[in-house]
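In: Provide a 3D model corresponding to the input given below.
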Amino acid sequence: MALSDPSAPGAPRARTGYLPAAPTAHHPDNRKRLVRHARPSYDLLMTSTDRYLAQGPRVAIRPFTEDDRAEFTALARQSAELHRPWLFPPDADDAYDAYLARLREPQREGFLICERDSGRIAGYLTINNIVLGAFRCGAIGYGVFAHAAGRGLMSEGLRLVMRYAFGPLGLHRLEANIQPANKESVSLVERAGFRLEGFSPDFLFVDGAWRDHERWAITSEMLQEEDDDETDEEIDGYPTGYQDGRTPRAHEGGAAE
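Out: Residues are numbered from 1 along each chain as shown. Predicted coordinates for the structure are as follows:
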């Protein structure tokens, strides 16, 4: 799948520089107030190693590499039933190589979400159509693999990427375009604090047809408010609300090509 790209050709993009979210006063808005789930501590957020960009209690994020080809494509094949009809990640070597090349374009970033205890890939998240200047926005796409579904790993990984995007990448806004029937994907971004901003008929060409999508988004100020409002709690090292035993369908939110 491909998202429209409003950026000017060749627009430069900063790779470094921490731009913290400006603190804002709490204010009323028309957001749906969600039932809050306690979240894990992210004290290790900016702890990095040679391998990882950021780490949480159970997962860490790092870039895609050529060495991930075999593991990623095998997991994509094993997860095909879970992913359809929402998601079509590369499941062959040549498709992975083409995907990796696209992720290395200046307007994209790609992250593997890996389990910290084993290093195994649990899922992935991409930021596409990055535009800087006065916009500083990108559109996310993501997927979880079958062995990691229902364990809360994507929720943790998404929040790590959000902090990385609003910090070192210098973005102000992330968007997710989601088919309305993909309830699990909607729930994922709701838990992360995204707000529903609109509905786009015939927005993306997916699985042979133009599909309607909901538009969800979050800004750095909204993430700051979420962090200020909530107290993180853990039970035996796991955040409450994650151990529900469900196996969700594939997460998809405006996935990368």
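In: going forward, measure contacts between C-alpha atoms and count neighbours the same way
Out: OK.
In: Need the per-residue pLDDT for residue 244.
Out: On pLDDT, residue 244 comes in at 30.
In: before we move on, what about residue 21?
Out: Residue 21 is assigned 34 on the pLDDT scale.
In: now swap in the one 4 residues further on and tell me
Out: Model confidence at residue 25, given as pLDDT, is 34.
In: now swap in residue 223 and tell me
Out: So, for residue 223, pLDDT stands at 89.
In: Around it, count how many other residues there are.
Out: 19 (other C-alpha atoms under 10 Å).
In: quick one: it and residue 161, what's the gap?
Out: 12 Å (C-alpha to C-alpha, to the nearest Å).
In: Helices of the stretch 1-150 of the chain, start to end?
Out: With DSSP state H, counting those that start in this stretch as the criterion, the stretch 1-150 of the chain has helices at 69-78, 80-83, 93-103.
In: Give me the average confidence score over stretch 127-139.
Out: For stretch 127-139, mean pLDDT is 96.
In: start at 37 instead
Out: Noted, 37 is the first residue going forward, which turns the last one into stretch 163-175.
In: one step back: could you export the helices of the stretch 37-186 of the chain to JSON lines, including columns for mean neighbour count?
Out: Listed next are those as JSON lines, based on neighbours: other C-alpha atoms under 10 Å:
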{"stretch": "helix 105-114", "mean neighbour count": "18"}
{"stretch": "helix 116-119", "mean neighbour count": "17"}
{"stretch": "helix 129-139", "mean neighbour count": "15"}
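In: what about those, which gets the closest to residue 155?
Out: helix 105-114 (11.2 Å; C-alpha to C-alpha).
In: CA-only coordinates of the longest helix anywhere in the chain, as CSV, when you get a sec.
Out: Secondary structure of the chain per DSSP state H: the longest helix is helix 189-202. Extracted as CSV, the C-alpha positions of helix 189-202 are listed here (Å, rounded to 0.1, in the frame of the first residue of the first chain):
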residue,chain,number,x,y,z
LEU,A,189,3.9,-6.1,22.7
MET,A,190,2.7,-3.8,19.9
SER,A,191,1.2,-1.4,22.4
GLU,A,192,4.6,-1.1,24.1
GLY,A,193,6.4,-0.9,20.8
LEU,A,194,4.1,1.8,19.5
ARG,A,195,4.7,4.0,22.5
LEU,A,196,8.5,3.6,22.1
VAL,A,197,8.3,4.7,18.5
MET,A,198,6.0,7.6,19.4
ARG,A,199,8.6,8.9,21.9
TYR,A,200,11.4,8.4,19.4
ALA,A,201,9.4,10.2,16.7
PHE,A,202,8.6,13.2,18.9
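In: what residue ranges in the chain score low on pLDDT?
Out: The model of the chain has pLDDT under 70 over residues 37-86, 263-293.
In: make it 80
Out: 37-86, 122, 260-293 (pLDDT under 80).
In: can you map out the strands along it?
Out: Using DSSP state E, the strands of the chain run over residues 90-91, 95-98, 145-151, 157-167, 173-180, 209-214, 231-242, 245-255, 270-271, 274-275.
In: Between the two ends of stretch 222-241, how far is it?
Out: Stretch 222-241: ends 19 Å apart by C-alpha to C-alpha.
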